[in-house]
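A.B. asks: I would like to see how this sequence folds:
(4 chains)
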Number of protein chains: 2
Amino acid sequence: MPRSFGKGLGWCHGRFKGYGYRLTLSRQAILDVLSKTSEHLSAEEIYHHAYKIHPSSGMSTVYRTLELLAQLQLVYKFDFGDGRARYELNRGIEDKNHHHHHLICINCQRIINYTDFIDEEVELLNKTEKGLTKKYNFRIMKHILQFYGLCERCKEKK
Amino acid sequence: MPRSFGKGLGWCHGRFKGYGYRLTLSRQAILDVLSKTSEHLSAEEIYHHAYKIHPSSGMSTVYRTLELLAQLQLVYKFDFGDGRARYELNRGIEDKNHHHHHLICINCQRIINYTDFIDEEVELLNKTEKGLTKKYNFRIMKHILQFYGLCERCKEKK
DNA sequence: CTCCTTATTGGGAATAATTCCCACTTCCAA
DNA sequence: TTGGAAGTGGGAATTATTCCCAATAAGGAG
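C.D. replies: Just a heads-up that it's a prediction; the model follows:
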């Protein structure tokens, strides 16, 4: 919403206008939802939360907006293997130190953002990226690194 | 089929029986298809190929069988971001040196198995895995490492 | 502030991969 | 040979996502 929106998302506004996009109430509501959670919400979850802020947003709009935001790199779109996409606000633009990878429980879907070893990981990924770019003549645009397993709780029950 | 099946897949037979599963014609056909390709086939592609060998296999059976094979670790199930699962025979059991990761073209879906830097990658992944296991008390069961981009050809056209 | 152009929207229908269901078949061990 | 369990086919059901298009709203110009 207008008020809370100002907090940390003002920069989005410029980004939108810069590309000729309109910052509508639906889009604000969706950005607002994403900015207020640390969870990795699905489109439907975002839809439900956005509903409370701006009740007339439909699913189509949610999907379209998320697609747009992903394209603008304002959000990341992830697949954690449970058959639906999940979205996370890209906080990295204003706040470095937020770069992380994911550890996913295949039983309860709990997701942990970890930053351990992240520097080494990023270093190796960059190196590999360079090597692959050269050898296979690719233009690499993104990578995925995820660990899957059973979390503390789910491990017991099996 | 029976004859060609003997080539390199004999060990599957034992694996099946060991778990009390039956090695039916449908299952043989599917394993046969997977053993004869280096591509990453989707369930539907596997279905079509298997059809030539054993025409009465239905889609349900293909999905069920692939699920079973993945569970037995005889095949790997991958998601390359194009909305359908893809499957690859696990040749690692008899043939080391086949461990690889994937480089995927987001435009034409071409997939390259690369082994460059694989030792360093595996080393870092193992280390990270150990660290995460300890810190978050997870039982890690698998990881995903993939690079996405535009291949040589698709890069030009954009 | 109002008007005009055009991006954006809602919602219902369409799509597509995968899973479900269940009567029928096949396999194997006794 | 037979009984029960494992496996099967195919069509229906499920589910996330995309498509479509008439109606709406954003925001710059006047």
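
A.B. asks: Tell me what the residue lying closest to A:Ile106 once chain neighbours are set aside is bridged to.
C.D. replies: Among residues not flanking A:Ile106 along the chain, A:Tyr148 sits closest, at 5.2 Å (Cβ to Cβ, 6 or more residues apart in numbering or on different chains). Where C-beta positions appear, they are placed from N, C-alpha and C, glycine not excepted. Counting by DSSP bridges, A:Tyr148 forms beta bridges with A:Ile104, B:Lys142.

A.B. asks: ok now do A:Tyr148, which residues does it touch?
C.D. replies: Shown in contact with A:Tyr148 (Cβ atoms under 8 Å, 6 or more residues apart in numbering or on different chains): A:Gly81, A:Leu103, A:Ile104, A:Cys105, A:Ile106, B:Ile140, B:Met141, B:Lys142, B:His143, B:Ile144.

A.B. asks: Mind doing that once more with 7 Å?
C.D. replies: Neighbouring residues of A:Tyr148 by Cβ atoms under 7 Å, 6 or more residues apart in numbering or on different chains: A:Gly81, A:Ile104, A:Ile106, B:Met141, B:Lys142, B:His143.

A.B. asks: Model confidence for the fourth one, exactly?
C.D. replies: In the prediction, the pLDDT value recorded for B:Met141 is 95.

A.B. asks: To what extent is it buried, counted in neighbours?
C.D. replies: 11 (other Cβ atoms under 10 Å in any protein chain shown).

A.B. asks: Pull the contacting residues for A:Asn137.
C.D. replies: Contacts of A:Asn137 (Cβ under 7 Å, 6+ apart): B:Glu152.

A.B. asks: tell me the pLDDT at A:Asn97?
C.D. replies: So A:Asn97 comes in at 66 (pLDDT).

A.B. asks: Stretch A:13-20 vs DNA strand C: in contact?
C.D. replies: Yes. Stretch A:13-20 is in contact with DNA strand C by Cβ under 7 Å from any atom of the strand, via A:Gly20.

A.B. asks: sorry, back to before: need the contacts of A:Tyr148 in TSV with distance to DNA strand C, can you?
C.D. replies: Formatted as TSV, the contacts of A:Tyr148 follow (distance: Cβ to the nearest atom of the strand, whole Å):
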residue	distance to DNA strand C
A:Gly81	11
A:Ile104	17
A:Ile106	13
B:Met141	17
B:Lys142	17
B:His143	20
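
A.B. asks: All set now, cheers.
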